[in-house]
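K.L.:
Sequence plus the predicted model coming up.
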Amino acid sequence: MAVAALPTHPGGFHAFSQLAAPVGVHPDEEAFVAAASSAGRSLDPELEHALDAFAHDPGPAGALLIRNVPVGTVPATPAAPTAPTGKDLRSELVLLAIARRLGEPVGYAPEHGGSIVQNLVPTRADVGRQTSTSSGVDLAFHTETAFHPHGPRYLLLLCLRGDPAAATTIASVHDLLPALAPASIDALRRPEFRTAVDESFGGRPGEAVGAPRPVLGGSDDQPWLCWDAELTTGTTARAQAALRDLHAAVAERQRAITLTDGDLLVIDNTRCVHGRRPFQARFDGSDRWLQRSFVVGSLAPSAGERDGRIITTSFAGPAAA
């Protein structure tokens, strides 16, 4: 069984590259998002078509790799995600231009202060933890915020500075289904799974939220997957057995993508789970540096739990029964 080829686009920012980011406006401000949306109209038609086609149907790989993204001058990698960098805002402009082509960029209040463009850099404190700022461990496969009622449809990862050892790993639901036993597929479609809240959102190990729900859904030709290898557990013996089968399928059917400077990986969060392989961080300003943005299809569903573009859903208190 061959893993689906990852669609790759050579880029298309010829006119865009001449545009400047607005001066004195922070990327989290609506004026910056509006400027990015306007700048997006300068994308080459071929790239616009590729993004529109991906939004309509992400295909069997569930991800799209765009190369040669203009990122501006990249200074030393910061020591922490929210540390000042002094960089220009070209990468933020292009990242949000792509995000607006796909939907609405949002932040989550517990994640990096709710920023809609987040710097992902290794930190000394998180070397061995299951976080986006770790480096010394495999980052387990997961759907982004699998526990969240307003999780993103798309995850965008823009590489400002790469590391040849730090491969991003993804596994598409289309690639996984042929490797699963029919009994496992049936079990994964049953509402017999609970997912705990990530620690960064205030969760505690073993405390799930909401009613049990399926891990796999949708039609045979348009399936979706919502699963976190660290946080999702089965509520029945058959559910637990199905998760073991899913783990084995991911180990067999995953792909590794080593992002280099100017690469943008767009992941459909309903079609792909993702992770990252370990690498040796140096903490000397030369480490891997990605920028991340989350995109939802519409702002309307989160209206009651959102401040501007920051989703504020609270998971404090006891877990729901």
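P.N.:
Great, that's in hand. Numbering: from 1, shown residues only.
K.L.:
Angles on the backbone of the nearest residue to residue 73 once chain neighbours are set aside, please.
P.N.:
Ranked by Cβ to Cβ, 6 or more residues apart in numbering and with sequence neighbours excluded, the top spatial neighbour of residue 73 is residue 88, at 6.1 Å. Where C-beta positions appear, they are placed from N, C-alpha and C, glycine not excepted. Note on residue 88: its backbone torsions stand at phi -70, psi 170 [degrees, to the nearest 10].
K.L.:
Residue 88: what's it in contact with?
P.N.:
21, 72-73 (Cβ atoms under 8 Å, 6 or more residues apart in numbering).
K.L.:
Show residues contacting whatever helix or strand residue 241 lives in.
P.N.:
Counting by DSSP states H and E, the element that carries residue 241 is helix 237-253. Outside helix 237-253, the residues within contact range by Cβ under 8 Å, 6+ apart are 1, 3, 141, 171, 175-176, 179-181, 183-185, 187-188, 190, 192-193, 215, 227, 229, 232-234, 273.
K.L.:
Quick check: strands, which of the residues you listed are part of them?
P.N.:
Counting by DSSP state E, the part of these found in strands is 141, 171, 193, 232-234, 273.
K.L.:
from these, which is closest to residue 93?
P.N.:
residue 273 (29.3 Å; Cβ to Cβ).
K.L.:
what about that closest one, how many residues close to it?
P.N.:
Residue neighbour count, defined by other Cβ atoms under 10 Å, stands at 27 for residue 273.
K.L.:
Residue 51 and residue 29: what is the separation?
P.N.:
According to Cβ to Cβ, to the nearest Å, residue 51 and residue 29 sit 24 Å apart.
K.L.:
In terms of neighbours, single out the busier of these two.
P.N.:
Between residue 51 and residue 29, residue 51 has the larger neighbour count (other Cβ under 10 Å), namely 21 against 15.
K.L.:
got a list of what the more buried one touches?
P.N.:
If a contact means Cβ under 8 Å, 6+ apart, then residue 51 has 43, 64, 98, 101-102, 266 as its contacts.
K.L.:
And the helix holding residue 241, how far out from the chain middle?
P.N.:
22 Å (Cα atoms, centre = their mean, to the nearest Å).
K.L.:
Pretty sure residue 149 sits against residue 313.
P.N.:
Yes. Contact between residue 149 and residue 313 holds when scored by Cβ atoms under 8 Å: they sit 6.6 Å apart.
K.L.:
pLDDT wise, what is residue 315 at?
P.N.:
The predicted local confidence for residue 315 comes out at a pLDDT of 86.
K.L.:
neighbours around the closest residue to it other than its chain neighbours, how many?
P.N.:
Among residues not flanking residue 315 along the chain, residue 197 sits closest, at 4.6 Å (Cβ to Cβ, 6+ apart). When neighbours are defined as other Cβ under 10 Å, residue 197 has 23 of them.
K.L.:
Same check on residue 276?
P.N.:
Counted with other Cβ under 10 Å, the burial measure for residue 276 works out to 25 neighbours.
K.L.:
helix, strand or coil for residue 290?
P.N.:
strand (DSSP: H, G, I helix; E, B strand; the rest coil).
K.L.:
Okay, buried residues for the helix holding residue 241 please.
P.N.:
Along helix 237-253, the positions that meet the burial threshold by neighbour count (16 or more other Cβ atoms under 10 Å) are 238-239, 242-243, 245-246, 249-250, 253.
K.L.:
what do you get for stretch 51-69?
P.N.:
Judged by neighbour count using 16+ other Cβ under 10 Å, the buried positions of stretch 51-69 are 51, 54-55, 58-59, 61-66, 69.
K.L.:
Show me those that map onto helices.
P.N.:
Where the buried residues of stretch 51-69 overlap with helices, as defined by DSSP state H, the overlap consists of 51, 54-55.
K.L.:
Let me have those residues in a markdown table, extended by pLDDT.
P.N.:
A markdown table is the format used below for these (pLDDT from 0 to 100):
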| residue | pLDDT |
| --- | --- |
| 51 | 97 |
| 54 | 98 |
| 55 | 97 |
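K.L.:
contacting residues for the residue lying closest to residue 316 once chain neighbours are set aside?
P.N.:
Distance criterion Cβ to Cβ, 6+ apart; nearest residue to residue 316, sequence neighbours excluded, is residue 202 at 5.8 Å. Applying Cβ under 8 Å, 6+ apart, one finds that residue 202 lies in contact with 110, 314-316.
K.L.:
coming back round to it: for the contacts of residue 88, which entry has the maximal number of neighbours?
P.N.:
Counting neighbours by other Cβ under 10 Å, the one among those with the most is residue 21, which has 19 neighbours.
K.L.:
So the residue lying closest to residue 187 once chain neighbours are set aside versus residue 209, what's the distance?
P.N.:
On the basis of Cβ to Cβ, 6+ apart, the spatially nearest residue to residue 187 that is not a chain neighbour turns out to be residue 242, at 3.7 Å. In this structure, residue 242 lies at 21 Å from residue 209, with Cβ to Cβ as the measure.
K.L.:
I'm done for today, thanks for sticking with me.
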